[in-house]
Every structure is written in C-alpha cells, then in structure tokens.
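Enquirer: The following block contains a protein sequence and its predicted model.
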Amino acid sequence: MTLEILTPEKKLYSGEVYGVLLPGITGLFEILDKHAPLVSALKKGTLKILKDSKNHTESYSIESGFVEVLNNKATVLVEGAAAV
C-alpha cells in the first residue's frame, strides 16, 4: 500500500509500505495492505512504518491529526512530526 505523511510545512514521507501502526485517540491501531476505507483521528504519539514483512521499521513522533485510508493508500495529516 502507499503511505503519505503530510504536515502543514512539507511532505514528510511517501512510499510503498507493508503497513503502519498509528496512535488513535482510543488506542493504537494498525493499517495493512488492502485495508477497508477509514477516517480516524490521531493523538500525539509514535507512528511506526512497517516497511516490509521482515520487521524493517521507521518511526516518527507525531502531533495530533487524522488518517484517511482509501483505494489502498493511507494519508496521514498531522500538525507536526519528527523522525525518531
């Protein structure tokens, strides 16, 4: 699936991923390939990109925001983020 992480200042990440672990307002949740359409609010926390099925990951500390999943693409819109 395709993942994009956007802040008001710039595009922080764009690429093909295995999945993504997100800090939802009611707890952590994971989005994998071919996930059903979804819109969810995010809280401050750690976003973990699952680059492949072999546990290669990349993490970002994010501020609050939203995620939209549609047509096998996850778009994360956050107030701010930094690589961890």
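Expert: That came in fine, so what should we check first?
Enquirer: The closest residue in space to E63 that isn't next to it in sequence: how many residues sit nearby?
Expert: Using C-beta to C-beta, 6 or more residues apart in numbering and skipping residues adjacent in sequence, the residue nearest E63 is E79, 3.9 Å away. (Glycine included, C-beta is placed from N, CA and C.) By the measure other C-beta atoms under 10 Å, the count of residues near E79 is 12.
Enquirer: Surely E79 is in contact with F66?
Expert: No - using C-beta atoms under 8 Å, E79 makes no contact with F66, being 10.2 Å away.
Enquirer: give me the number of residues near L42?
Expert: Using other C-beta under 10 Å, L42 is surrounded by 21 other residues.
Enquirer: just wondering, since we're on it, how far is it from P8?
Expert: 15 Å (C-beta to C-beta, to the nearest Å).
Enquirer: so where does the nearest residue in space to A83 that is not next to it in sequence fall, helix or strand?
Expert: Using C-beta to C-beta, 6+ apart and skipping the chain neighbours, the partner closest in space to A83 is Y60 (5.7 Å). Y60 belongs to strand 57-62 when assigned by DSSP states H and E.
Enquirer: element containing the residue of the chain most remote from its centre?
Expert: Largest separation from the mean C-alpha position in the chain: K54, at 18.3 Å (C-alpha atoms, centre = their mean). According to DSSP H and E, K54 maps onto no helix or strand at all.
Enquirer: Just the pLDDT for it.
Expert: Per-residue pLDDT puts K54 at 86.
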